[in-house]
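**Q** return atomic coordinates for the entry below.
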Amino acid sequence: MDIISIKKQIIKAGEKAVMQLIKVAEEHIIKYGEDDELAADKLKNAAATKKLAIFDAFEILKRISEEKDLIDGVDNKVNNTPKGFAESRSK
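**A** Now for the predicted structure:
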């Protein structure tokens, strides 16, 4: 198996993982009508879990995009350094 096909499989797995993380983020934190003394603690833990799921999903998507660009040979790096005559000679 070549590296590109392995990377494509990893990308597909990452996309599936993102979908699962979206499901986690969409779940209700506390069921309606649930009123116990642990509700605040459950809320805090669930909110932290949702936050982590969302950030992980974005991180995975960013990496998927980078890997797709590498496979396709696209260079999306932005270089904001000045390239004028004086700037290039001022070392």
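**Q** all contacts plus neighbour counts: C-alpha atoms, from now on.
**A** OK.
**Q** so for the helix or strand hosting residue 23, mean pLDDT?
**A** Using DSSP states H and E, residue 23 maps to helix 3-26. Helix 3-26 comes out with an average pLDDT of 94.
**Q** elements contacting the longest helix along the chain?
**A** Counting residues, the longest helix found in the chain (DSSP state H) is helix 39-72. Judged by 3 or more CA pairs under 8 Å, 6 or more residues apart in numbering; DSSP states H and E, helix 39-72 is in contact with helix 3-26.
**Q** what comes up buried for the helix it packs on?
**A** 11, 14, 15, 17, 18, 21, 22, 24, 25 (16 or more other CA atoms under 10 Å).
**Q** what's the nearest residue to the last one if we skip its chain neighbours?
**A** Meaning residue 25. Ranked by CA to CA, 6 or more residues apart in numbering and with sequence neighbours excluded, the top spatial neighbour of residue 25 is residue 50, at 4.8 Å.
**Q** can you give me the pLDDT of the one you found?
**A** For residue 50, pLDDT reads 92.
**Q** tell me, how many residues neighbour it?
**A** The tally of other residues near residue 50 (other CA atoms under 10 Å) stands at 20.
**Q** from residue 6, how far off is it?
**A** Taking CA to CA, to the nearest Å as the measure, residue 50 falls 30 Å from residue 6.
**Q** tell me the buried residues in the longest helix of the chain?
**A** Using 16+ other CA under 10 Å as the test for burial, helix 39-72 gives 46, 50, 53, 54, 56, 57, 60, 61, 64, 67, 68.
**Q** tell me which of those is nearest to residue 40?
**A** The nearest member of these to residue 40, counting by CA to CA, is residue 46 at 9.8 Å.
**Q** surely the closest one and residue 27 touch.
**A** No - applying CA atoms under 8 Å, one finds residue 46 not in contact with residue 27, separated by 9.4 Å.
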